[in-house]
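In: turn this into a structure:
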Amino acid sequence: MSVSEAFIRGIPKAELHLHIEGSLEPELMFALGQRNKVDIPFKSVEEVRAAYAFSNLQDFLDIYYQGANVLQTEQDFEALALAYFERLHADGGVHAEIFFDPETHTDRGLPFSIAIDGLLAGMKQAEAKFGVTSKLIMCFLRHLDEESSFRTLKAAEPYLDRITGVGLDSSEKGHPPSKFARVFKAAKERGLKIVAHAGEEGPPEYVHEALDILHVDRLDHGNRALEDAALVQRLVKEGMTLTVCPLSNLKLCVVHDLKDHPMKRMLQLGLRATCNSDDPAYFGGYIGDNYIRTAQAVALSRDDIITMAKNSFTGSFLDQASVAKHVAAVDTYAAAK
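Out: Now for the predicted structure:
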């Protein structure tokens, strides 16, 4: 028997793989472009939406960086964050650990403080308005050099008490985790948690590097780890959380049909897999839709849904008491439905 959409949407959950710049909906992009007098190559919201119908990673990245140009003020970043948290709240989300890409903004001349101050204000508002808690993870762009990452880490120093961790994103192929070994070591020495995208497009070797060279606390994507049986065993043994993004995988052709998605297999293997939306404005769905469409495509059971929801908390960077409270809330919800 299939699991009801209402049960899936309502179950308490956390989102652990969300690029806040990737939640920029066409309406907001167009409105901010007009307000800030930023020249974007679209004459209407419909044209923006049509441009979101890309079919490969590079086309996605091109429009992703174009879209970011409309974000100019603290208020813009605050509005972006609040719009995301409103959608998360509607999908049963009670906590999120969101990525942001400082280099996307500093490379176009914005001070580091504008993006982070705006996001922190949006995060604070979301907790007051929706009761949703959140943490901030600063990502380094892997197509840039490690020196750029060091400059970003330096710029972040006044904010390190409000940044939970550092991550690694952007184009994976040709940019192995080892390229950033020194900056991640420096981040870890500053007490920051470590995450990295690995094994999305890149080979299982990149997952090994993320584990052994960057010493990640959590693995983003990780799909291609399944090609290496010994690696899977290690991930299970270490209890490593994987932040899996099914609709992103479909849109970027990591899988060609959602029925082929490995989420069910990951759970059967005992991997601590979680379900996330990645860049939801671009990839066709927020966290609720990722849960629902994946459940329908690969026949996830009620227990699978409960496991994924619990994994989202046990894999989070919340303190143990908060994790226990949220896991208990999942059990209470499931028992009442």
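In: how many residues are close by A225?
Out: With neighbours defined by other C-beta atoms under 10 Å, the count for A225 comes to 28. From N, CA and C alone the C-beta is placed, and that goes for glycine too.
In: assumed it was part of a strand.
Out: No. Read with DSSP: H, G, I helix; E, B strand; the rest coil, A225 is helix and lies in no strand.
In: what residues does T164 make contact with?
Out: 97, 135-137, 192-193, 317 (C-beta atoms under 8 Å, 6 or more residues apart in numbering).
In: the bottom helix or strand of the protein by mean pLDDT?
Out: Of all helical and strand segments in the chain, the minimum by mean pLDDT, DSSP states H and E falls on helix 57-68, at a mean of 85.
In: adding distance to G288, write the contacts of T164 out as TSV.
Out: Output for the contacts of T164, formatted as TSV (distance: C-beta to C-beta, whole Å):
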residue	distance to G288
E97	17
K135	21
L136	22
I137	22
L192	30
K193	26
F317	22
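In: will you turn those residues into a markdown table that also has neighbour count and pLDDT?
Out: Formatted as a markdown table, the contacts of T164 follow (neighbours: other C-beta atoms under 10 Å; pLDDT from 0 to 100):
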| residue | neighbour count | pLDDT |
| --- | --- | --- |
| E97 | 27 | 99 |
| K135 | 19 | 98 |
| L136 | 20 | 98 |
| I137 | 26 | 98 |
| L192 | 21 | 98 |
| K193 | 18 | 98 |
| F317 | 18 | 98 |
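In: which ones among those residues lie within strands?
Out: In this view, the contacts of T164 that belong to strands under DSSP state E are 97, 135-137, 193.
In: could you identify the most distant pair in those?
Out: L136 and K193 (10.9 Å; C-beta to C-beta).
In: how about the strands in the stretch 151-300 of the chain?
Out: For the stretch 151-300 of the chain, the strands defined by DSSP state E, counting those that start in this stretch occupy 165-169, 193-198, 218-221, 241-244, 272-275.
In: just send the ones you listed back as JSON lines, with distance to I63 too.
Out: Formatted as JSON lines, the strands of the stretch 151-300 of the chain follow (distance: least, C-beta to C-beta, whole Å):
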{"stretch": "strand 165-169", "distance to I63": "16"}
{"stretch": "strand 193-198", "distance to I63": "19"}
{"stretch": "strand 218-221", "distance to I63": "21"}
{"stretch": "strand 241-244", "distance to I63": "23"}
{"stretch": "strand 272-275", "distance to I63": "25"}
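In: for the biggest helix by length in the chain, packing partners?
Out: Criterion DSSP state H: the longest helix present in the chain is helix 112-130. Other helices and strands packing on helix 112-130, by 3 or more C-beta pairs under 8 Å, 6 or more residues apart in numbering; DSSP states H and E, are helix 74-90, strand 93-100, helix 102-106, strand 133-141.
In: neighbours of the closest residue to I63 other than its chain neighbours, how many?
Out: Excluding its sequence neighbours, the residue lying closest to I63 (C-beta to C-beta, 6 or more residues apart in numbering) is A51, at 5.4 Å. When neighbours are counted by other C-beta under 10 Å, A51 registers 19.
In: go on, R35?
Out: 13.
In: please report how far it lies from Y206.
Out: Distance from R35 to Y206, counting by C-beta to C-beta, to the nearest Å: 40 Å.
In: for L144, same thing?
Out: Applying C-beta to C-beta, the value for L144 to Y206 is 17 Å.
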